[in-house]
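Colleague: got a structure for you, letters missing:
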């Protein structure tokens, strides 16, 4: 037991932290965060700030750029909607029903998270190309998927698939059976119970999943560029526009598009965080 | 799952819904995987092996492993430091810090690569400096490593922070009262408590590090044999219509994905109490 | 290495001296100018409701928190800014804080294993100590079990053994029995008391359970809103509470609003004189313990009152009496009840043996 200093008149200064290591760990955290994330991002905004108004206008009046933004945002919204519907279905089946291999299927839902995007890209292309397994079935019907905006949406559905499932599953699993029993005892049939009791309870989770899927699809690159065909004005996505501009050494154009996409992503991130807080408040409020 | 019949659908409905869900999943998950396998083996197993043992492919595999071997450990150290700072102490700006750590998650991979080009590229802010010092970052391996570190940045921290938050500070305080120093406390008390969460985060971090395409594509310059990772190599082979080659390399990556999924699921089934609550469905 | 019969070499001297301790969380003062001393070898209870500051004080003593103002001396040496690991204090956490990945034996041995260099005992010595401690806390043979496999009471004892392993000069316990069943709590209380007597350790424990404090401690420190209300032996604070808060917190009491004139008050005919002899005046409260309300037969002397309600609680009877506009709670034994043949609605006579009056 170490001896210690006597009181030096007046108020002694107490060490502020009980658990050691605050300085070094926070220091390294901030250092690494700055070096890898914040400074590079700052470079982007710095570049954007240095751009003249006319450069911004030039970029965003280009029909190709506008088309790509329309496809990226519009397509992501449609894909996220599809995922909301089917993700809910999948989550329902996985949580409520039992069948052989359920656990395996549940694990596989995370495949789009784990599968490298380039692999997904070429696989989807192989499937939906006119001579692919699915493409060849749809061709006679006049439906072209690969190398069209429809193909872009298909890829976006793939990418966003796990998000809705994973956000809805826990909420569904925690849902009190008594609520449904109460509804049934009051005379509601299953459809009514689902629409009036269960669906509202899943609302925040569905919305969160939708937002996550949307955000992911907007920025996605690898899974989409193979199946898209990348025809200017038709099936070019915004991230591809950035790459194209970079290849042309149009750093300015690339930066402009990137900043717009980033701002939208950040707004979405904030919205998602707010949604998650709402969801937790709902859960705790009972 | 036994439930009272007042709260379940009819058998037929259940069957239909299950079939619909499985159909959707088969279409979007199973078929692409099958496609990879069949395309890779479409010209027989000899061509498959030849594609994999091609020197360019081997070099791409090596580069992928190197990139992962550098970026993953850095992100592990970061994850441990960040979660220790955030969960064992109280300080203003903590939630801002957590939000900042999550940023790479919501940034498009292409932008993740773009920022490094803007920083170190020829016209970049530090481009001159890099040129003067003969340091090649963009269009070279360091650039690929940096972009990969950006993209995989949050994975370990995101697993550890909620887990350590949940576990609290009591055990660390107890260790301190018993005379342990900071490092001893971390190694003997904290690490054993978070080992499965850490492994989980490392799994995801590694899978992303090896599979990243967009960010690396922007930064790498696509120089075969030098700056091509496996995903980039897949693209090059595909664009040259070497279908078997492309899908052969893709099959390796798909295998990695499946192994990751299996390990992840195993962790969730066996050690669910020692993972962040979000994984306990 | 005999833990039993540890003899305190100095029979006088304080283990803990606390002066003017203040700890604020923002605008809220968890501790407000708290001072106290704990002599060596004593077992002291910090008793109070939640938010009284008792746990904050305990943690500051342990070095798990630091005060904004004030000094602490441990065994004569200033410890105000000393880090936890250097205080030689054993701390037992409210939720045990056992290392979940170590078995019982490793938990207990932890404090010995992290010692550096010459201070670290040999493997054999550590093992022997662990065995000895397991025997002391009556958990022989459970060394290989993991915390998750133990009951609450067992975990508590492991936590205690772990703290004792480092041979602390002071043992601090945070609501040690709070999370346990009533019977287990009673057993452990008795056991802690005898352990303390055998080992002669100085100990401070935090509790909100007055029965626990009164039964186990040598001295009780009653705290409220960051301040000390009273320090005394269990008998002292029960029989002679110093403040209205202590009166209300310990045991049952009748608290009546009265006008006090020079230490006397009158209410519905009851003449009350403050037992402490103070001669204050003003609006205030009269405190009368239920067992100080004397219930006599209807024919006897005293003020007339009606029995509104009788509650039989085992050997004791609680009687609710109405006296004019005042309701009084009295305590009788079953014998008295039978002797007086009291029933709800019947008339009785009351007198007050003793009361305390406090001006607001």
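Modeller: Received, thanks. If you're wondering where the values come from, they're calculated on a predicted model, not measured in any experiment.
Colleague: quick one, what contacts residue 139?
Modeller: No chain specified, so I'll use chain A. Each residue near residue A:139 by CB atoms under 8 Å, 6 or more residues apart in numbering or on different chains is listed here: residue A:130. All C-beta spots, glycine's among them, are computed from the backbone N, C-alpha and C.
Colleague: ah, no, chain C please
Modeller: So residue C:139 contacts C:104, C:154, C:157-158, C:161 (CB under 8 Å, 6+ apart).
Colleague: again, only using 10 Å
Modeller: C:104-105, C:108, C:133, C:145, C:150, C:154-155, C:157-158, C:160-161 (CB atoms under 10 Å, 6 or more residues apart in numbering or on different chains).
Colleague: From chain B, how far off is it?
Modeller: Computed as CB to the nearest CB, to the nearest Å, the residue C:139 to chain B distance reads 18 Å.
Colleague: Dihedrals phi and psi, that residue?
Modeller: phi -130, psi 30 (degrees, to the nearest 10).
Colleague: circling back to that earlier point, could the contacts of residue C:139 go into a markdown table alongside distance to residue B:180 and pLDDT?
Modeller: Formatted as a markdown table, those follow (distance: CB to CB, whole Å; pLDDT from 0 to 100):
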| residue | distance to residue B:180 | pLDDT |
| --- | --- | --- |
| C:104 | 18 | 97 |
| C:105 | 17 | 96 |
| C:108 | 14 | 96 |
| C:133 | 18 | 93 |
| C:145 | 22 | 95 |
| C:150 | 22 | 95 |
| C:154 | 24 | 93 |
| C:155 | 20 | 94 |
| C:157 | 22 | 92 |
| C:158 | 17 | 95 |
| C:160 | 18 | 93 |
| C:161 | 17 | 94 |
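Colleague: how about chain C, which residue sits the furthest from its center?
Modeller: residue C:299 (43.0 Å; CA atoms, centre = their mean).
Colleague: what about that one, which SS state?
Modeller: Secondary structure, DSSP: H, G, I helix; E, B strand; the rest coil: residue C:299 is coil.
Colleague: Surely it is in contact with residue C:349?
Modeller: Yes - counting by CB atoms under 10 Å, residue C:299 does reach residue C:349; the two are 8.0 Å apart.
Colleague: so who does residue 233 touch?
Modeller: Since no chain was named, I'll use chain A. Contacts of residue A:233 by CB under 10 Å, 6+ apart are A:63-64, A:66-68, A:70-71.
Colleague: look at chain C instead
Modeller: C:214, C:217-220, C:239.
Colleague: Using PyMOL, define a selection of the buried residues within these.
Modeller: Command for PyMOL that selects the buried part of the contacts of residue C:233, burial taken from 16 or more other CB atoms under 10 Å in any protein chain shown:
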select buried, chain C and resi 214+217+218+219+220
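Colleague: Now intersect the contacts of residue C:233 with the helices, please.
Modeller: C:214, C:239 (DSSP state H).
Colleague: Make sure residue A:100 is indeed in a strand.
Modeller: No - under three-state DSSP, residue A:100 falls outside any strand and is assigned coil.
Colleague: And it, how close does it get to residue B:262?
Modeller: 18 Å (CB to CB, to the nearest Å).
Colleague: give me the number of residues near residue 41?
Modeller: Looking at chain A here, since you left the chain open. The number of residues packed near residue A:41 is 22, by other CB atoms under 10 Å in any protein chain shown.
Colleague: Chain C is the one I meant
Modeller: By other CB under 10 Å, neighbour count at residue C:41 equals 20.
Colleague: That one in helix, strand or coil?
Modeller: Following three-state DSSP, we place residue C:41 in the coil state.
Colleague: Compare neighbour counts for residue A:100 and residue B:262 and give me the winner.
Modeller: residue B:262 (14 against 7).
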